[in-house]
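S.K.: Okay, sequence plus prediction incoming.
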Amino acid sequence: MQNLPRTGEIHLAENIALLSLLQEVPALPSRNEITPSLEIAGRELSLNRERGLAGALSFLSGISNDGKYVTAVCIEEIPDSDSLRVILAINKSTVTDGTGVLKEVKLAFENIFRILSEAQSIFKPSTI
């Protein structure tokens, strides 16, 4: 019998068959609900508000119509301080890919946060 070259499809089917030996039926998907018990002392933002803020910043970060440049935003509240850390990422196929878009979004975010910081110093937090 000849040794025939394995195609990608055959290799994939073999991998699937081998994985089925580990677990017959994959676990059903589940939902991770945010419950009040997950609220952490020392935080100013609720998890729902933080998620909403991350969603708004994610929307604002999507400045490119090019599907190669998809941005992602993560927010981290710094405990016992009045600040947040905003982490911005973009998909890349090379080291320099998307750098211009990333810099543009970063500059826009810095301007937004500067304006909000100035507004906070003018108005008392209870009046905003």
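M.R.: Everything's here; your move. Numbering: from 1, shown residues only.

S.K.: list the buried ones in the lengthiest helix in the chain?
M.R.: In the chain, assigned by DSSP state H, the helix with the most residues is helix 99-122. Using 16 or more other Cβ atoms under 10 Å as the burial criterion, the residues of helix 99-122 that qualify are 101-102, 105, 109. (Each C-beta comes from the backbone N, C-alpha and C, glycine too.)

S.K.: Kindly report the same for stretch 48-60.
M.R.: For stretch 48-60, by 16+ other Cβ under 10 Å, it's 50, 53-54, 57.

S.K.: helices or strands next to the helix or strand of the chain with the lowest mean pLDDT in the packing?
M.R.: Within the chain, no helix or strand scores below helix 8-22, which has a mean of 82 by mean pLDDT, DSSP states H and E. Contacts defined by 3 or more Cβ pairs under 8 Å, 6 or more residues apart in numbering; DSSP states H and E place helix 8-22 against no helix or strand at all.

S.K.: Export only the CA atoms of it, formatted as PDB.
M.R.: The C-alpha trace of helix 8-22 is given here as PDB (Å, rounded to 0.1, in the frame of the first residue of the first chain):
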ATOM      1  CA  GLY A   8      -5.300  19.300   5.700                       C
ATOM      2  CA  GLU A   9      -8.800  17.900   5.900                       C
ATOM      3  CA  ILE A  10      -7.700  14.400   6.800                       C
ATOM      4  CA  HIS A  11      -5.300  15.800   9.400                       C
ATOM      5  CA  LEU A  12      -8.100  17.900  10.900                       C
ATOM      6  CA  ALA A  13     -10.500  14.900  11.000                       C
ATOM      7  CA  GLU A  14      -7.800  12.800  12.700                       C
ATOM      8  CA  ASN A  15      -7.300  15.500  15.400                       C
ATOM      9  CA  ILE A  16     -11.100  15.700  16.000                       C
ATOM     10  CA  ALA A  17     -11.300  11.900  16.400                       C
ATOM     11  CA  LEU A  18      -8.400  12.000  18.900                       C
ATOM     12  CA  LEU A  19      -9.900  14.800  20.800                       C
ATOM     13  CA  SER A  20     -13.200  12.900  21.100                       C
ATOM     14  CA  LEU A  21     -11.300  10.200  23.000                       C
ATOM     15  CA  LEU A  22     -10.600  12.800  25.700                       C
END
